[in-house]
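Asks: I need the structure of the sequence given here:
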Amino acid sequence: MGSQGVDLKFLVVTLRRVTTAVQILPFIYTALYIFALALYTACGPRLQTALDSLFYVSPVCILAFLVLSHVLKLCRWHKTACLLPALPQTVSLIDYYLSPFSNAAAYLFNGTIILMSILLLIAAYFVFFK
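Replies: Numbers count the residues shown, from 1 in each chain. The predicted model follows:
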């Protein structure tokens, strides 16, 4: 009986740690991703390639974060933070497959970074402070 209590306590502590990690990681990752996107405008092609390699977010990863958010019954703002890395990918897909952007697209790119930053701050506020 005593060992089952220890196992249950271990499971509860582990679940809390997993929940905390799942709750915080999308915010940390998205903040780093926004920082990397901001560096794109000021760095050369070699650093851009390195940033791509480090910070590319697979749609599979985004889907995994969304599934974990759903399983742990986290709020919609958490799901918003999970989806934010898909925003610049959407802009890139439009540029590559639908219509190539002109030089004026830099404004769209910078607007995407600003929009991501604002949405991340709003989501963080609702998840961590409300």
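Asks: for residue 46, see how far away the spatially most central residue of the chain is.
Replies: Nearest to the mean C-alpha position of the chain, counting by C-alpha atoms, centre = their mean, stands residue 30 at 3.8 Å. Distance from residue 30 to residue 46, counting by C-beta to C-beta, to the nearest Å: 25 Å. Backbone N, C-alpha and C define where each C-beta goes, glycine included.
Asks: ok, back up a step: what does the residue nearest to the centre of the chain show for phi and psi?
Replies: Torsion angles at residue 30 (phi, psi; degrees, to the nearest 10) stand at phi -70, psi -40.
Asks: shouldn't it be in contact with residue 81?
Replies: Yes - shown here, residue 30 and residue 81 form a contact pair, counting by C-beta atoms under 8 Å, at 5.9 Å.
Asks: overlap in contacts, the two.
Replies: Common contacts of residue 30 and residue 81 (C-beta atoms under 8 Å, 6 or more residues apart in numbering): residue 120.
Asks: remind me which residues of the protein are low pLDDT?
Replies: 1-6, 106 (pLDDT under 70).
Asks: quick one, helices of it?
Replies: Taking DSSP state H as the criterion, the chain contains helices spanning 2-40, 45-55, 59-71, 76-83, 86-93, 105-124.
Asks: closest to residue 99 out of these?
Replies: helix 105-124 (9.9 Å; C-beta to C-beta).
Asks: residues making contact with that closest one?
Replies: Contacts of helix 105-124 (C-beta under 8 Å, 6+ apart): 27, 30-31, 33-34, 37-38, 40-41, 77-78, 80-81, 84, 87-88, 91, 95, 101.
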